[in-house]
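One predicted model, sequence on top.
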Amino acid sequence: MTTVLHLHAGADPAAVKAALQGLGVDGVVARGAGATVVVLGPVSRPLPAAALADLPGVAAVLGGASPHPRLDALAWTAVAVGPSGLAIGPGAPRVLIAGPCAAESRAQVDEAAAQAAAAGAKVLRGGAYKPRTSPYAFDGVGPDALGWLRDAADRHGLALVTEALSERDVARVAEVADLVQIGSRQMQAFALLRAVGQSAKPALLKRGRAATLAEWRLAGEHLLAAGAPGVVFCERGILGAETELRNTFDLAGAVVLRCSMGLPVVADPSHAAGRRDVIAPLARAAWAAGLDGVIVESHPDARHALSDGVQALSPAELAALGRALGTATQEEER
Ligand code: PEP
Ligand code: MN
């Protein structure tokens, strides 16, 4: 069980930490929109609640009420992404994230980034390491592609999100990424979550295909417990009865996390639907529902894409989506 201490406004978290150490316990300080909290535990022996309440600066002691105290502390705040001042989450403007499923060549990545920027995207997506259902499918170019992605993002003034598929890749990915993507299949790969959390970059946490909302949130808590400065949740479709679509887009689940709980949430209609024709309407629905943004796959030449071509928007479709969402300005499109 964890214990959460809410501090008075103006309390010195470092002084509270030091006082706790005097009681023989350590704490992690997190700052939410409304309060600074100190998260304790889990601890092996019962903590003297009265002694905690008496510490200078402590306003309230909440004993293990929530299984994800660090998430709760960060609710209603946006996640800072990269050095440019971009933020994703409550209180920040909604963002469009676009780019190819996989980085295939330096030229393809650069063209995709130019088209994303023209559509008003603020973040470039693209994978150097791809999780593929078949071991014989194209699974990404690897380390070289990380350099192409970073260069293209910089050239076009975009932040970068790219996936770390295994613990082995985390250091390399975190060096170039502004947001480290955890894939749907890896949502509960706890050693990977720990490694990404320790990388000091925020994470884009895709929802597992068969994960409940509680499991998704706890995966976010794993990242924060390991030290991640922030987590952006990404709804990308879950398992349903339907076979004409790749997955079932759970907008309601995303809305629960975003609108009821104040967590930063974006939607990925590309992987949710798996069909190009459905992407723009779903993106507009997510935007209208109040999510913090959408992430879509787009490709300069979708018919020849090495992965997920059937769900990639063409440059014209991406531009139209930018207009529909209001991210593309006349000037950007010129
Ligand atoms: C992706 O974003 O390229 C991807 C593989 O997504 P997911 O993990 O949601 O399947
Ligand atoms: Mn893909």
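In hand now; what should we look at? Ligands and ions are numbered 1, 2, ... in the order given.

going forward, measure contacts between C-alpha atoms and count neighbours the same way
OK.

which residues in the stretch 151-300 of the chain form strands?
Assigned by DSSP state E, counting those that start in this stretch, the stretch 151-300 of the chain shows strands spanning 159-163, 179-182, 203-206, 231-235, 265-267, 293-297.

Indicate which one of those is closest to ligand 1.
strand 203-206 (5.6 Å; Cα to the nearest ligand atom).

follow-up on the earlier one: using CSV, lay out the strands of the stretch 151-300 of the chain together with mean pLDDT, distance to residue 110 and mean neighbour count.
Output for the strands of the stretch 151-300 of the chain, formatted as CSV (pLDDT from 0 to 100; distance: least, Cα to Cα, whole Å; neighbours: other Cα atoms under 10 Å):
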stretch, mean pLDDT, distance to residue 110, mean neighbour count
strand 159-163, 98, 13, 28
strand 179-182, 98, 19, 28
strand 203-206, 98, 22, 28
strand 231-235, 98, 25, 28
strand 265-267, 98, 24, 30
strand 293-297, 98, 15, 27
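
Switch those over to TSV; also include distance to residue 73.
Converted to TSV, the strands of the stretch 151-300 of the chain look like this (distance: least, Cα to Cα, whole Å):
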stretch	distance to residue 73
strand 159-163	24
strand 179-182	20
strand 203-206	17
strand 231-235	12
strand 265-267	16
strand 293-297	22
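
Could you dump those into CSV and include distance to ligand 1?
Conversion of the strands of the stretch 151-300 of the chain to CSV gives the following (distance: least, Cα to the nearest ligand atom, whole Å):
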stretch, distance to ligand 1
strand 159-163, 8
strand 179-182, 7
strand 203-206, 6
strand 231-235, 8
strand 265-267, 10
strand 293-297, 8
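
between those, which gets nearest to residue 14?
strand 231-235 (24.1 Å; Cα to Cα).

Can I get that closest one in CSV? Just the C-alpha atoms.
Provided in CSV are the C-alpha atoms of strand 231-235 (Å, rounded to 0.1, in the frame of the first residue of the first chain):
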residue,chain,number,x,y,z
VAL,A,231,2.8,10.1,-19.5
VAL,A,232,0.5,10.7,-22.4
PHE,A,233,-2.1,8.0,-22.8
CYS,A,234,-2.9,6.8,-26.3
GLU,A,235,-6.2,5.0,-27.2
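
which residues sit in contact with residue 95?
By Cα atoms under 8 Å, 6 or more residues apart in numbering, the contact list for residue 95 reads 88, 121, 122, 123, 292, 293, 294, 327.

quick one: which of these is nearest residue 309?
Nearest to residue 309 among the contacts of residue 95, with distances taken as Cα to Cα, is residue 294, at 18.4 Å.

my guess is the closest one meets residue 270, correct?
No: using Cα atoms under 8 Å, residue 294 makes no contact with residue 270, being 9.6 Å away.

Give the residues shared as contacts by these two.
Counting by Cα under 8 Å, 6+ apart, residue 294 and residue 270 have no common neighbour.
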